[in-house]
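Colleague: Got a sequence here, can you model it:
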Amino acid sequence: MLSVRDLRVTLPVHRGAALHVVRGLSFDVRPGEALALIGESGAGKSMVARAVLGTAPYGATVTGSVRLGERELVGARTRELRAVRGRRVALIPQDALSVLSPMHTVGGQLVRALRSNQRLSRARAHELAVAALDRVGIPDAARRARAYPHEFSGGMRQRAVIAMAMVNEPEVVFADEPTTALDPRNARLVLDLLADLRRDTGAALVLITHDLAVVRGHADRIVVAYAGRHVESGPAGRVLAEPRAPYTAGLVAAVPPEEAPDRRLPAIGGSPPSPSDLPEGCAFAPRCPLADAHCRVAAPDPVATGAFGHLVSCHRWQDVPVPAHTLFSRVAT
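Modeller: Down below sits the predicted model:
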């Protein structure tokens, strides 16, 4: 359905310098599946969604290939991208308030989203808007459609944004940190809602997150990114149970186990590099307990581990121990 190949996004900064935000990332999104795109802040995850949607910042250079079915989106004209955004590919952004205008009712904004993508009467669009709010679990949807965003709780605003993304029945939905700023109960409800909507509509979901705990039970496949590059990808169960990249192992080790949620956890030392000052070779090498001289001069390409669909970009992947979390012994405080 959606095929991303060698995607690169570069942002200009002052004095001719550049930020290399996405560096050759490739992945596929299959019809109806949930794919999790995982990494720390600065991994380029959100920029991938913006590049796919054609909303990268002004001056950004986007290269590679993004194909939705038979349509190439990289380099497409603005008119072509408008026909895709919302109708075939939609985004649930991190901040609900950045999407919902405080000057218009929630229902009115849904009506506008419908009528900008479909030839509908205002009355029919209003019916569909109310139905969309009801589908995402907003009680008394007909009345709440006449309310303004500030009259919704944080959890209800997030549901309204999900309704906005799903109202035109897109084929692919990017959910960018959809549980940000939500309490654990509402976060769990939102993730369950996204799973229900994916099942009911057949849409594919790309779940962008820094938190592996969010992915547990909500993703079919995982793509791990670091400093804009592929680190590891494969079936979610396989990657979480037997990570082959040291970075993935560190992320898995930092997830509290369900049977002991209060346990003190190991942590990855150091910080991700700046996209304006990337190290030579593997970007994770300065933080990696297995890095050697070769890692510091040569960036690894994806290789198959032998398990179906499991790829890893690491020179030392065969040296990652089982269980992999033993790589990181420092305890988070």
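
Colleague: hey, let's count contacts and neighbours off CA atoms from now on
Modeller: Will do.

Colleague: Phi first, then psi, for Arg87.
Modeller: Main-chain torsions, Arg87, degrees, to the nearest 10: phi -80, psi -40.

Colleague: so it sits right up against Val173, yeah?
Modeller: No. Assessed by CA atoms under 8 Å, Arg87 is found out of contact with Val173, at 10.2 Å.

Colleague: Please say which of those two ends up with more neighbours.
Modeller: For Arg87 versus Val173, the count of surrounding residues by other CA atoms under 10 Å is larger for Val173: 25 against 21.

Colleague: can you map out the strands along this structure?
Modeller: Taking DSSP state E, the strands of the chain run over residues 2-12, 18-29, 34-38, 61-68, 71-72, 89-92, 172-176, 204-209, 221-226, 229-235, 303-304, 311-312.

Colleague: what packs against the third one?
Modeller: It refers to strand 34-38. Under the contact definition 3 or more CA pairs under 8 Å, 6 or more residues apart in numbering; DSSP states H and E, strand 34-38 sits against strand 204-209, strand 221-226.

Colleague: Adjacent strands (with direction) for it?
Modeller: The pairing partners recorded for strand 34-38 under DSSP bridges are strand 204-209 (parallel), strand 221-226 (parallel).

Colleague: Count the residues that sit near Glu151.
Modeller: For Glu151, the neighbour count with other CA under 10 Å is 13.

Colleague: how about it, what does it touch?
Modeller: Glu151 sits next to no residue when contact means CA atoms under 8 Å, 6 or more residues apart in numbering.

Colleague: Mean neighbour count for the strands paired with strand 34-38 - can I get that in TSV?
Modeller: TSV is the format used below for the strands paired with strand 34-38 (neighbours: other CA atoms under 10 Å):
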stretch	mean neighbour count
strand 204-209	26
strand 221-226	26
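
Colleague: would you turn those into CSV with mean pLDDT and distance to Leu35?
Modeller: Shown next, in CSV, are these (pLDDT from 0 to 100; distance: least, CA to CA, whole Å):
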stretch, mean pLDDT, distance to Leu35
strand 204-209, 96, 5
strand 221-226, 96, 5
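
Colleague: which stretches of the stretch 51-200 of the chain form helices?
Modeller: Under the criterion DSSP state H, counting those that start in this stretch, the stretch 51-200 of the chain contains helices at 78-84, 96-99, 106-117, 122-135, 141-144, 154-166, 184-201.

Colleague: Val322: which of those is closest?
Modeller: helix 184-201 (30.0 Å; CA to CA).

Colleague: Dump the closest one to PDB, restricted to CA.
Modeller: Taking Å, rounded to 0.1, in the frame of the first residue of the first chain, the C-alpha atoms of helix 184-201 are listed here in PDB:
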ATOM      1  CA  PRO A 184      -2.400   6.200  31.700                       C
ATOM      2  CA  ARG A 185      -6.100   5.400  31.600                       C
ATOM      3  CA  ASN A 186      -6.900   7.800  28.700                       C
ATOM      4  CA  ALA A 187      -3.700   6.700  26.900                       C
ATOM      5  CA  ARG A 188      -4.900   3.100  27.100                       C
ATOM      6  CA  LEU A 189      -8.400   4.100  25.900                       C
ATOM      7  CA  VAL A 190      -7.000   6.000  22.900                       C
ATOM      8  CA  LEU A 191      -4.700   3.100  21.900                       C
ATOM      9  CA  ASP A 192      -7.700   0.700  22.100                       C
ATOM     10  CA  LEU A 193      -9.800   3.100  20.100                       C
ATOM     11  CA  LEU A 194      -7.200   3.300  17.300                       C
ATOM     12  CA  ALA A 195      -7.100  -0.500  17.200                       C
ATOM     13  CA  ASP A 196     -10.900  -0.700  17.000                       C
ATOM     14  CA  LEU A 197     -11.000   1.800  14.200                       C
ATOM     15  CA  ARG A 198      -8.300   0.100  12.300                       C
ATOM     16  CA  ARG A 199     -10.200  -3.200  12.500                       C
ATOM     17  CA  ASP A 200     -13.500  -1.600  11.600                       C
ATOM     18  CA  THR A 201     -12.300   0.500   8.700                       C
END
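
Colleague: now the angle from that helix to helix 154-166?
Modeller: Interaxial angle, helix 184-201 versus helix 154-166 (axes from the mean of the first three to the mean of the last three CA atoms, to 10 degrees): 20 degrees.

Colleague: in helix 184-201, what's buried?
Modeller: Across helix 184-201, burial judged by 16 or more other CA atoms under 10 Å covers Asn186, Ala187, Leu189, Val190, Leu191, Leu193, Leu194, Ala195, Leu197, Arg198.

Colleague: which residues touch the closest residue to Glu72 other than its chain neighbours?
Modeller: Among residues not flanking Glu72 along the chain, Val66 sits closest, at 5.8 Å (CA to CA, 6 or more residues apart in numbering). Going by CA under 8 Å, 6+ apart, Val66 touches Leu2, Ser3, Val4, Arg5, Leu7, Val52, Glu72, Leu73, Val74.
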